[in-house]
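Enquirer: the following block contains a protein sequence and its predicted model.
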Amino acid sequence: EAGVTQFPSHSVIEKGQTVTLRCDPISGHDNLYWYRRVMGKEIKFLLHFVKESKQDESGMPNNRFLAERTGGTYSTLKVQPAELEDSGVYFCASSPNSHNEQFFGPGTRLTVL
Amino acid sequence: AQSVTQPDIHITVSEGASLELRCNYSYGATPYLFWYVQSPGQGLQLLLKYFSGDTLVQGIKGFEAEFKRSQSSFNLRKPSVHWSDAAEYFCAVVSGGYNKLIFGAGTRLAVHP
C-alpha cells in the first residue's frame, strides 16, 4: 500500500511569489491534516479535512494560505504571496477516521528568499 | 491550553547504551499520547501510542514508553541503542475530538559507534 506522498519535496521561491504544495493521502483515508515546522520549532497543526470539508482550520496563520481538497482525495496548500517567515517544512498526514493513527508524508521543504 | 515539552534538544549516546527521552505534557483530561520518529529524508513514523490501560506501552524497533499521570510524563526508553536509531524524536498529544496533534519541539538523537 502506498503511503502519503507530497510534492514537491523541495521548493525555493522568492518573496511575493506563489507556491502550491500537494498531498496525496493513503487511498480511502477520509481525514487529511496539514502541519508545518518552521525554523526547527515545534511541528504545528494547520488544518484538518474530513473528505472535502474543512473540519478545523484554526492553525492557518493568515489569509495568504489557502487549502483545498476537491473531491475528497488529494489536497493542495497554496501560499500567495509567500513571505520569508513561511519557510519551513510542510507535512501532510492522513488517517481513516479521526481517532486513528495519522500517517505522515515526507514533507515539503519550502524556502522563501 | 494543551502543550508538550521535550526538555532535551540534542542527546548523544554510544551504541549499545540505554536511552531515555523525556516528554512532559499539559492536558486537562486523560491524554492520548504518541511518540513519532523522523529519520533523515523520511516522514514521521509512529513508534508507539498510549490511549488507556497499561501505562507501559511497547512500540516498534524495541522502544517503550511509560505514562505517569502524577508526573505528567510520557518518557521514551530503549535498553540498547543501535546506530540506526539516530533520528529526531517527537512526543505529541491529541487535542480536541478530531485528533489534532500537539507536538513537542523534538529531540535529536546522535549515536556514537
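Expert: Received the coordinates, thanks. Numbers count the residues shown, from 1 in each chain, chains lettered A, B, ... in the order given.
Enquirer: which of the helices or strands spans the most centrally placed residue in chain A?
Expert: For chain A, residue A:34 is the residue whose C-alpha lies nearest the centre (Cα atoms, centre = their mean; 3.6 Å). Per DSSP states H and E: residue A:34 is located in strand A:31-37.
Enquirer: so what does the following helix or strand past that strand touch, helix or strand wise?
Expert: As assigned by DSSP H and E, the chain's next helix or strand after strand A:31-37 is strand A:43-50. With contacts defined as 3 or more Cβ pairs under 8 Å, 6 or more residues apart in numbering or on different chains; DSSP states H and E, strand A:43-50 has these neighbours: strand A:31-37, strand A:53-56, strand A:65-68, strand B:87-95, strand B:100-103. All C-beta spots, glycine's among them, are computed from the backbone N, C-alpha and C.
Enquirer: who does the fourth one touch, helix- and strand-wise?
Expert: Read that as strand B:87-95. Packed on strand B:87-95, when contacts are counted by 3+ Cβ pairs under 8 Å, 6+ apart, are strand A:43-50, strand B:3-5, strand B:33-38, strand B:73-78, strand B:100-103, strand B:107-112.
Enquirer: point out the most buried one among the helices and strands packed on strand A:43-50.
Expert: The highest average neighbour count among the helices and strands packed on strand A:43-50, using mean count of other Cβ atoms under 10 Å in any protein chain shown, belongs to strand A:31-37 at a mean of 25.
Enquirer: that strand pairs with which strands?
Expert: strand A:43-50 (antiparallel), strand A:88-95 (antiparallel) (DSSP bridges).
Enquirer: on that earlier part again, what sits against the residue nearest to the centre of chain A?
Expert: A:23, A:45, A:46, A:47, A:48, A:67, A:75, A:77, A:90, A:91, A:92 (Cβ atoms under 8 Å, 6 or more residues apart in numbering or on different chains).
Enquirer: which parts of stretch B:35-50 are buried?
Expert: Buried residues in stretch B:35-50, counting neighbours by 16 or more other Cβ atoms under 10 Å in any protein chain shown, are found at B:35, B:36, B:37, B:38, B:43, B:44, B:45, B:46, B:47, B:48, B:49, B:50.
Enquirer: and the two most separated of those?
Expert: With Cβ to Cβ as the measure, no two of the buried residues of stretch B:35-50 lie farther apart than B:43 and B:50, at 21.4 Å.
Enquirer: enumerate the residues of chain B near chain A.
Expert: Within chain B, the positions adjacent to chain A are B:4, B:34, B:36, B:41-46, B:49, B:90, B:92, B:95-106 by Cβ under 8 Å from any Cβ of the partner chain.
Enquirer: so what would you say the end-to-end distance of stretch A:73-81 is?
Expert: The straight-line separation of the ends of stretch A:73-81 (Cα to Cα, to the nearest Å) is 25 Å.
Enquirer: go on, stretch B:63-76?
Expert: Start-to-end, stretch B:63-76 (Cα to Cα) is 7 Å.
Enquirer: run the chain-centre distance for that stretch.
Expert: Offset of stretch B:63-76 from its chain centre (Cα atoms, centre = their mean, to the nearest Å): 9 Å.
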